[in-house]
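K.L.:
from the sequence below, what's the structure:
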Amino acid sequence: MPNCIVAQSGGPSSVINATLAGIIKANQLNPVYGHVYGAINGIEGVLQERFVDLSKMTERENLVLRQTPSSALGSCRYKLQRDNLEDVEKVMSVMERYDAETLFYIGGNDSMDTVAWLSEYASKKGIKNRRFIGCPKTIDNDLMVIDHAPGFGSAAKFIATTALQCWQDITVYPPSRKEVFILETMGRDAGWLAASACLSGVVDLLIVPEKTFDKEVILEEIRQIIEERSKCFVVISEGAHYADGTYIASGEARNDLFGHAVLGGAARALEQMILEAGVSPRCKIQELSTAQRSHASEQSRVDVTESFNLGMSAHMHSMDPAFTGKMVCLRRRKDIEEYDVEYYAIDADRVANFVRNFPEKWLLPNFRGVTEEALEYMRPLIKGQPQLIMEHGLPEMTVPYYMRDCEIEKK
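P.N.:
Sure thing, here's the model as predicted:
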């Protein structure tokens, strides 16, 4: 019986491990593979032959893994380049040495490019019994084709909850205290995360990458809101930019290893504009930073359940010997009234290196938030909260495998 490898890549989420747990549990119920090997630190771990054997995970360990945020196997920002044949040939040889027929790669846009490229290479070289399957995840919700990305629902729930709780805090002072509160979310190219704050019902202005930052309009809107209510709640995405594409974030953004801008500071830049223009005498800033993707105690039950089931579905699809170069997707069912999804698959290259933006038709004029249609799309994704396994008053979490002395010996 052949084996399989599972790896995680890119920015983590609070439910990425649920997909890993789904693959492991599916193989225990239906042993398609002799061993499920976890690669430490994504594709880098495959290249370095750093593996742990996850095959005999207990039910309790699996349940705890589902509620553990971030990437239990570790992640990486390493991308297989198509002009670097040494890497791809090494992946093939490592899989042969460990008798691994299938590589499940859990990640976002760039990870799906890795799936597509490895599958394409194997096909061109006539390499048999080496298959590559993508399992999507990203809190940014910017993957094409798929209805929504696993990880987004939980991040949206946390952001909306945080917005509501912050609003309760800033409104305690009398109208004589005029103040602008600015909440900054992640979102380099897409405004899904920032828009999710509108689920709270307290957002006055929303600034996202899909709509060009207009300083004069935004400052005038803030001024009007301050005059009417003395308090103004603004949500801004880190990727907010001017018409020429320049980010408003203070300082020069640097690039990560994938060539993506590493941002932060949009809220601080807006605060400076507000104070300099005399629009408000006070501003407060809350940058959510990594909290929005690692706050697992705010998991959406819908999100963690779908993420787990997606891993189960990926394993099921892998029973087909011709199934490779695919990403397992979910789509909203339209044949029933209540919310539910179904799982299917598409070619991974339909997702790789593309970005799905927040629909402009869902944005209200003058940065005044989102439409009811947008809220109806997001509401089902944040529903429910799983029953957490607690330890000493805190959620129990899996000790990351990259912190353990449990790697199998190289072959």
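K.L.:
list the contacts for the residue of the chain positioned farthest from its centre?
P.N.:
In the chain, counting by Cα atoms, centre = their mean, residue 176 sits farthest out from the average C-alpha position, at 40.6 Å. Residue 176 sits next to residue 230 when contact means Cβ atoms under 8 Å, 6 or more residues apart in numbering. Just so you know, the C-beta spots here come from the backbone N, C-alpha and C atoms, and that holds for glycine as well.
K.L.:
got the buried residues for the longest helix anywhere in the chain?
P.N.:
Counting by DSSP state H, the longest helix found in the chain is helix 152-170. Of the residues in helix 152-170, 152-163, 166-167, 170 count as buried by neighbour count, 16 or more other Cβ atoms under 10 Å.
K.L.:
same for it, what does it pack against?
P.N.:
On a contact count with 3 or more Cβ pairs under 8 Å, 6 or more residues apart in numbering; DSSP states H and E, helix 152-170 meets strand 179-185, helix 192-196, strand 231-237, strand 283-287, helix 291-294, helix 301-317.
K.L.:
let's see the third one as CSV, backbone CA atoms only.
P.N.:
So the one you mean is strand 231-237. Extracted C-alpha coordinates of strand 231-237, given in CSV (Å, rounded to 0.1, in the frame of the first residue of the first chain):
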residue,chain,number,x,y,z
LYS,A,231,-17.7,59.3,17.2
CYS,A,232,-16.7,57.7,13.9
PHE,A,233,-15.8,54.1,13.4
VAL,A,234,-13.5,53.5,10.3
VAL,A,235,-12.2,50.1,9.1
ILE,A,236,-9.3,50.2,6.7
SER,A,237,-7.5,47.4,4.8
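K.L.:
give me the mean pLDDT for it.
P.N.:
Across strand 231-237, the average pLDDT comes to 98.
K.L.:
hmm, who's touching it?
P.N.:
By Cβ under 8 Å, 6+ apart, the list of residues contacting strand 231-237 reads 163, 166-167, 170-171, 178-187, 191, 193-194, 197-198, 202-209, 222, 225-226, 266-267, 270, 280.
K.L.:
what distance separates that strand from the centre of its chain?
P.N.:
Mean-position distance between strand 231-237 and its chain equals 23 Å (Cα atoms, centre = their mean, to the nearest Å).
K.L.:
who does that strand pair up with?
P.N.:
Strand pairing for strand 231-237, using DSSP bridges, gives strand 179-185 (parallel), strand 205-207 (parallel).
K.L.:
can you put those in JSON lines and add distance to residue 36, mean neighbour count and mean pLDDT?
P.N.:
Listed next are the strands paired with strand 231-237 as JSON lines, based on distance: least, Cβ to Cβ, whole Å; neighbours: other Cβ atoms under 10 Å; pLDDT from 0 to 100:
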{"stretch": "strand 179-185", "distance to residue 36": "35", "mean neighbour count": "24", "mean pLDDT": "98"}
{"stretch": "strand 205-207", "distance to residue 36": "42", "mean neighbour count": "23", "mean pLDDT": "98"}
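K.L.:
need the ones you listed in JSON lines (columns: distance to residue 96).
P.N.:
Listed next are the strands paired with strand 231-237 as JSON lines, based on distance: least, Cβ to Cβ, whole Å:
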{"stretch": "strand 179-185", "distance to residue 96": "44"}
{"stretch": "strand 205-207", "distance to residue 96": "51"}
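K.L.:
residue 110 is in contact with residue 43, isn't it?
P.N.:
No. Between residue 110 and residue 43 no contact is recorded; they are 10.1 Å apart, counting by Cβ atoms under 8 Å.
K.L.:
ok, those two, which is more surrounded?
P.N.:
A side-by-side neighbour count of residue 110 and residue 43, using other Cβ atoms under 10 Å, places residue 43 first with 25 against 19.
K.L.:
after the helix or strand in which that one is found, next one along is what?
P.N.:
If you go by DSSP states H and E, residue 43 is part of helix 42-47. Note on helix 42-47: by DSSP H and E, the next helix or strand toward the C-terminus is strand 51-53.
K.L.:
which other residues reach the following helix or strand past that following strand?
P.N.:
Next in sequence after strand 51-53, counting helices and strands by DSSP H and E, comes helix 59-66. Here helix 59-66 makes contact (Cβ under 8 Å, 6+ apart) with 15, 17-18, 20-21, 24-25, 57, 72, 304, 308, 386, 389, 396-398.
K.L.:
next one: stretch 397-411
P.N.:
Under Cβ under 8 Å, 6+ apart, the answer for stretch 397-411 is 17, 37-38, 40-41, 49-53, 61, 64-65, 67-74, 97-98, 296.
K.L.:
residue 121: which of the strands paired with strand 231-237 is closest?
P.N.:
Across these, residue 121 has its closest neighbour in strand 179-185 (37.2 Å, Cβ to Cβ).
K.L.:
that closest one vs helix 152-170, what angle?
P.N.:
160 degrees (axes from the mean of the first three to the mean of the last three Cα atoms, to 10 degrees).
K.L.:
and strand 179-185, how far from the chain's centre?
P.N.:
Offset of strand 179-185 from its chain centre (Cα atoms, centre = their mean): 22 Å.
K.L.:
just the CA trace of that strand, in PDB.
P.N.:
Output in PDB follows, covering the C-alpha atoms of strand 179-185 (Å, rounded to 0.1, in the frame of the first residue of the first chain):
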ATOM      1  CA  GLU A 179     -13.000  60.800  18.400                       C
ATOM      2  CA  VAL A 180     -12.300  58.600  15.400                       C
ATOM      3  CA  PHE A 181     -11.600  54.900  15.900                       C
ATOM      4  CA  ILE A 182      -9.600  53.100  13.100                       C
ATOM      5  CA  LEU A 183      -9.500  49.400  12.800                       C
ATOM      6  CA  GLU A 184      -6.900  48.000  10.400                       C
ATOM      7  CA  THR A 185      -7.200  44.500   8.900                       C
END
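K.L.:
report the angle between that strand and strand 283-287.
P.N.:
Using the same axes, to 10 degrees: strand 179-185 against strand 283-287 is 20 degrees.
K.L.:
who touches strand 179-185?
P.N.:
159, 162-163, 166-167, 170, 173, 193-194, 196-197, 222, 226, 230-238, 264, 266-267, 270-271, 274, 279-288, 292.
K.L.:
pull out the buried residues from stretch 325-341.
P.N.:
So, applying 16+ other Cβ under 10 Å, buried residues of stretch 325-341: 325-330, 341.
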